[in-house]
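Participant: Sequence and predicted structure below; questions after.
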Amino acid sequence: MLDLVATPRNPIPPGARVYALNAADNVSLRMARFSPPGAPRATVALFQGRAEFIEKYFETIDDLLARGFDDVTLDWRGQGGSERELANPRKGHVDDFAQYQRDLSVFLAQMTLFACPKPWFALAHSMGGAILLEHAHSGDGHFARLVVTAPMIDIHGLRFPRGARLLANTLDMLGLGAMFIPGGREASLVELKFDGNILTSDPARLARNAAVLANAPRLGIGDPTIGWTNAAFRQMRRFAESDYARHWTVPTLLIASGRDTLVSTAAVERFAQRLDIATLVTIPGARHEIMMERDELRELFFAAFEAFIPGSAEKTGVFRAAE
């Protein structure tokens, strides 16, 4: 599904262009580009988290356009308007996070063909942050700076982390990778109630995003599969390697949420302290989806973003926003 979906509370940003990309393994991906009315100052590539879709970021794209950035984004394989790996379209499955790197490679090649204005900056959330951190670790110098919000360095609050990893790996090896995780189901964001949700403290933005899926349910996916979960655990294990963060060459801003109960804020903070060139910002009061939060919390996010991009300071630091 290539067309972008508009709702009354979530209009498509002006000048949108949508493209179909083919990854190296012929998986079809949905890509979109948005340009400001004047000459762009640079390009921001926006990378979503698990189970998200381009439409969810229309407000953020408008904010970036207002700041003079050309914007490009895509739906990762298995979600949004991109092709699914399994016959059940509610399962956002991958066998290995290397598949996301293939998505990223064809996306970057298309950015080059489009001659997207440089410098290029990356803005990535959660799973997207994990994918972009792995890309930066590889040494490919596509992005001048990297901003990651609530990056998936580790999962919050696992009571028995080793047991969970062992269970996922065992079930995957037994050929059950295409099944939902135990207790998982097909329900998407459209069925999420505001009370008790772990994504945002802003009811209007949560309802807006759910309305998109109500209008276009094919964009949504349910809980993770066993295979995706096992692949995610393998990726997060890489972040814990003692030498992973050595000789980091991409200036990186990590923005953590003070009330995140999905990814581990403590793990994000530890990881940031190991990077050679990094700034850490923690926003108290924010839940997992910082860019979908209340206005006052989004303002803190954009204050940190604007101080870092396209800034010139390349030092390690820690900043905690005021309560």
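Facilitator: Now that the structure is in, tell me what you want to look at. Numbers count the residues shown, from 1 in each chain.
Participant: now Ala130, nearest residue through space, not along the chain?
Facilitator: Leaving aside its chain neighbours, Ala130 sits nearest to Met152 (4.2 Å; criterion: CB to CB, 6 or more residues apart in numbering). (Glycine included, C-beta is placed from N, CA and C.)
Participant: tell me the contacts of that neighbour?
Facilitator: By CB atoms under 8 Å, 6 or more residues apart in numbering, the contact set of Met152 is Gly49, Ser126, Met127, Gly129, Ala130, Ala232, Gln235, Met236, Val263.
Participant: Surely the fourth one is in a helix?
Facilitator: Yes: according to DSSP: H, G, I helix; E, B strand; the rest coil, Gly129 belongs to a helix.
Participant: That one and Ala272: what is the separation?
Facilitator: Between Gly129 and Ala272 the distance is 12 Å, computed by CB to CB, to the nearest Å.
Participant: Which secondary structure state does the residue nearest to Ala130 sit in?
Facilitator: Assigned by three-state DSSP, the conformation of Met152 is coil.
Participant: Repeat that for Leu123.
Facilitator: Relying on three-state DSSP, one would call Leu123 strand.
Participant: quick one: Pro40 and Pro119, what's the gap?
Facilitator: From Pro40 across to Pro119, the span is 11 Å (CB to CB).
Participant: With neighbour numbers in mind, choose between the two.
Facilitator: Taking other CB atoms under 10 Å, Pro40 and Pro119 do not tie; Pro40 has more neighbours (18 against 13).
Participant: So in terms of bridging, what pairs with the nearest residue to the more buried one once chain neighbours are set aside?
Facilitator: Nearest residue to Pro40, sequence neighbours excluded (CB to CB, 6+ apart): Asp70, at 3.9 Å. Beta bridges link Asp70 to Thr43, judged by DSSP bridges.
Participant: correct me, but Asp70 touches Ala42?
Facilitator: Yes: counting by CB atoms under 8 Å, Asp70 does reach Ala42; the two are 7.2 Å apart.
Participant: Need the overlap of contacts for those two.
Facilitator: Any residue near both Asp70 and Ala42 by CB under 8 Å, 6+ apart counts here, and that gives Pro117.
Participant: Neighbour count for these two, which is higher?
Facilitator: More neighbours surround Asp70 than the other of Asp70 and Ala42, with 24 against 18 (other CB under 10 Å).
Participant: Give the full set of residues in contact with that one.
Facilitator: The contact partners of Asp70, taken as CB under 8 Å, 6+ apart, are Arg33, Phe34, Ser35, Pro36, Pro40, Ala42, Thr43, Val44, Cys116, Pro117.
Participant: Please pull out the lowest mean pLDDT helix or strand from this protein.
Facilitator: Least confident element among the helices and strands of the chain, by mean pLDDT, DSSP states H and E: strand 317-320 (a mean of 43).
Participant: all helices for the stretch 201-323 of the chain, in order.
Facilitator: Assigned by DSSP state H, counting those that start in this stretch, the stretch 201-323 of the chain shows helices spanning 203-215, 226-239, 265-274, 295-308.
Participant: just those: most buried one?
Facilitator: Of the helices of the stretch 201-323 of the chain, the one with the most neighbours on average (mean count of other CB atoms under 10 Å) is helix 226-239, at a mean of 21.
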